[in-house]
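*Asks:* Make a model of this:
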Amino acid sequence: MTERGDLIDHLVDVRDVLESYKCCQIVPLDWYKTLSTATDLFSSLPGRAGFGVVPELVDQLTIILEHGIEDTPMALNAAAEQVASALRQNIIPGMPRPEDESWAFQGPNAS
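*Replies:* Next up, the predicted model:
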């Protein structure tokens, strides 16, 4: 997978963990591994700000990992906002966006 594709996959995984807790107080069983793996990747990206991943995201995820997802509401909210911003900056061509009227994928028709 490409560096950008790998980044997007991890951003989506982190978003799913954070939003699951923010929305419904659900803590996925693999939350720690998901956030830890993503944090390692984000920390190792050269020029990560070019992908919309700011150093503060790594800082917020580190706080969540050290203190637990349930005990870090400020870090959780900050990280969720930063992930949403990074995902907006890394839109995949042809992928439906949340604000789109139709969520159908654009591209060749298989019919």
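*Asks:* per-residue confidence for Pro67?
*Replies:* Slight slip there: residue 67 is His, not Pro. pLDDT, His67: 97.
*Asks:* oh sorry, the question was meant for Trp103
*Replies:* Confidence score, pLDDT, at Trp103: 54.
*Asks:* again with Pro55
*Replies:* pLDDT, Pro55: 80.
*Asks:* what's the answer for Arg97, then?
*Replies:* You'll see Arg97 listed with a pLDDT of 60.
*Asks:* repeat for Ile63
*Replies:* Value listed for Ile63 in the pLDDT field: 97.
*Asks:* Surely it touches Asp71?
*Replies:* No - using CB atoms under 8 Å, Ile63 makes no contact with Asp71, being 9.6 Å away. The C-beta positions use only the backbone N, C-alpha and C, and glycine is treated the same way.
*Asks:* These two: who's more crowded?
*Replies:* Counted by other CB atoms under 10 Å, Ile63 and Asp71 do not tie: Ile63 has more neighbours, with 17 against 11.
*Asks:* Locate that one within the secondary structure: which element?
*Replies:* helix 55-67 (DSSP states H and E).
*Asks:* residue ranges with poor pLDDT in this protein?
*Replies:* 1-3, 47-52, 91-111 (pLDDT under 70).
*Asks:* All the helices of it, in order from the start?
*Replies:* For the chain, the helices defined by DSSP state H occupy 3-24, 31-44, 55-67, 73-89.
*Asks:* Counting neighbours, which bits of the third one end up buried?
*Replies:* Under the neighbour-count criterion of 16 or more other CB atoms under 10 Å, helix 55-67 has Leu57, Val58, Gln60, Leu61, Thr62, Ile63, Ile64, Leu65 buried.
*Asks:* Also stretch 4-14?
*Replies:* Buried-residue list, stretch 4-14, by 16+ other CB under 10 Å: Leu7, Ile8, His10, Leu11, Asp13, Val14.
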